[in-house]
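[1] Here's a sequence, model it:
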Amino acid sequence: MAWLIKVMRMVRKAKIYYQDQLAGSLSETDDGYIFQYDLKYLKNENASVISLTLPLSEDQYHNKVLFPFF
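    Just a heads-up that it's a prediction; the model follows:
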């Protein structure tokens, strides 16, 4: 009999606000941290970077350790 083993991955999420606007989300996973800007925030003509190390982009930012900005 074959067994199926499902690996549960821990993920914690935080909403990141900049000047009272939802700017993105920060996730902690088993592999490190992920930051991604909110698409609605990116479409705002007044959108500003939350850190010089995290330029405005639709791409996710991955890092093994928490980004120095947070």
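[2] partner residues bridging the most centrally placed residue in the chain?
    With distances taken as CA atoms, centre = their mean, residue 35 lies nearest the centre of the chain, 2.1 Å away. Bridge pairing for residue 35 (DSSP bridges) gives the partners residue 26, residue 61.
[3] Please look at it and residue 59 and confirm they touch.
    No: if you go by CB atoms under 8 Å, residue 35 and residue 59 don't touch, sitting 10.1 Å apart. (C-beta placed from N, C-alpha, C; glycine too.)
[4] Kindly tell me how buried residue 16 is, as a neighbour count.
    For residue 16, the count of nearby residues is 19 (other CB atoms under 10 Å).
[5] Please, which helix or strand holds it?
    strand 12-18 (DSSP states H and E).
[6] Determine the set of other helices and strands touching that strand.
    On a contact count with 3 or more CB pairs under 8 Å, 6 or more residues apart in numbering; DSSP states H and E, strand 12-18 meets strand 21-29.
[7] roughly how far apart are residue 17 and residue 65?
    Distance from residue 17 to residue 65, counting by CB to CB, to the nearest Å: 22 Å.
[8] Compare neighbour counts for those two and give me the winner.
    Remark: of residue 17 and residue 65, residue 17 carries more neighbours, 13 against 7, as counted by other CB under 10 Å.
[9] Please give me every residue in contact with the nearest residue to residue 63 once chain neighbours are set aside.
    Excluding its sequence neighbours, the residue lying closest to residue 63 (CB to CB, 6 or more residues apart in numbering) is residue 33, at 5.2 Å. Contacts for residue 33 (CB atoms under 8 Å, 6 or more residues apart in numbering) come out as 26-27, 62-67.
[10] Over to residue 39?
    With contacts defined as CB under 8 Å, 6+ apart, residue 39 is in contact with residue 58.
[11] how about it, phi and psi?
    With angles defined as degrees, to the nearest 10, residue 39 sits at phi -60, psi -40.
[12] How about residue 42?
    Dihedral angles (degrees, to the nearest 10) for residue 42: phi -60, psi -30.
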